[in-house]
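Student: can't give you the sequence, but here's the structure:
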């Protein structure tokens, strides 16, 4: 079995170790005998969204976000169609914001987003920086949802996410989407409503850098499970020894929630 993973704009969206998410997905595929096929695609290059299993968008600056939205807008219909078909997408920080309706800068100017997810972002007066702990939303953990292309629950071993955030944008969720979870430590989407991230169908957006997946192997496996279920009616991922990863995760919990 092959797993087609696209790292979109790796030369422009790669803040705070975001590339580590690709490395983690590839490793967890190889350890199970799944061949990861990694595609690195940048401005103006050909994209086949329907042929992808997982699409990854990392974080970047406001300037880069404006350039990349222009590039993606030419292919917005194809991306939207693939997402409605169940394409698994992980988007971090700037990549997360781009999928929404707009980013309003401090001077009031709006950078139009792709509008695929009903979220919007407004520049705040201060940066939201630091470690984060998120209690996962039960509906996010369960792939048996009427808006998700997948037939059953994953049974995640861990019920929290840990990571690092550094953003001035404050993101708010609209209709038809759910937060990844509740912030137990840190700021999250906007520092006000104690929510972090978003899920719409098989699209996940979050402000967690660090990178996210090495410290949250259960979340990486959720993405892989959804990607396989999009192509096959049933799947069982081979169990891996995640004792070291889980110890690192638990160490962060103990440090931050003491």
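Tutor: The structure has been received and is ready for your questions. No experiment lies behind these values; they were computed from the predicted model shown.
Student: quick one: contacts of stretch 128-142?
Tutor: Residues from elsewhere that reach stretch 128-142 (C-beta atoms under 8 Å, 6 or more residues apart in numbering): 145, 153-154, 156, 159-168, 170, 178-188, 191, 196-197, 199, 207-208, 222, 252-253, 256-257. Heads up, the C-betas are built off the backbone N, CA and C, glycines and all.
Student: to the chain's geometric centre, what's the distance from it?
Tutor: Relative to its chain's centre, stretch 128-142 lies at 12 Å (C-alpha atoms, centre = their mean, to the nearest Å).
Student: what's the answer for stretch 180-191, then?
Tutor: Centre to centre, stretch against its chain (C-alpha atoms, centre = their mean), the figure for stretch 180-191 is 15 Å.
Student: Helices - which of the contacts of stretch 128-142 land there?
Tutor: When the contacts of stretch 128-142 are checked against helices (DSSP state H), the matches are 222, 252, 253, 256.
Student: Test my guess that residue 115 contacts residue 98.
Tutor: No - Residue 115 is beyond contact range of residue 98, at 10.0 Å (criterion: C-beta atoms under 8 Å).
Student: ok, these two, which is more surrounded?
Tutor: Between residue 115 and residue 98, residue 98 has the larger neighbour count (other C-beta atoms under 10 Å), namely 28 against 15.
Student: remind me, longest strand of the chain?
Tutor: Using DSSP state E to define each element, the chain has its longest strand at strand 119-136.
Student: Would you point out the helix or strand in the chain whose mean pLDDT is lowest?
Tutor: Lowest mean confidence among the helices and strands of the chain (mean pLDDT, DSSP states H and E): helix 62-73, at a mean of 77.
Student: what about this structure, any weak spots by pLDDT?
Tutor: Along the chain, the model assigns pLDDT under 70 to residues 61-65, 142-156, 233-234.
Student: host element of the spatially most central residue of it?
Tutor: The centroid of the chain falls nearest to residue 90 when counting by C-alpha atoms, centre = their mean (2.9 Å). Per DSSP states H and E: residue 90 is located in strand 88-92.
Student: Run through who's touching that strand.
Tutor: Residues from elsewhere that reach strand 88-92, judged by C-beta under 8 Å, 6+ apart: 13, 18, 21, 53-59, 83, 98-99, 202-209, 212, 223, 226-227, 230.
Student: buried set for it?
Tutor: Buried positions in strand 88-92, judged by neighbour count with 16 or more other C-beta atoms under 10 Å: 88, 89, 90, 91, 92.
Student: could I get the residues you listed as TSV with distance to residue 121?
Tutor: TSV is the format used below for these (distance: C-beta to C-beta, whole Å):
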residue	distance to residue 121
88	22
89	17
90	18
91	12
92	14
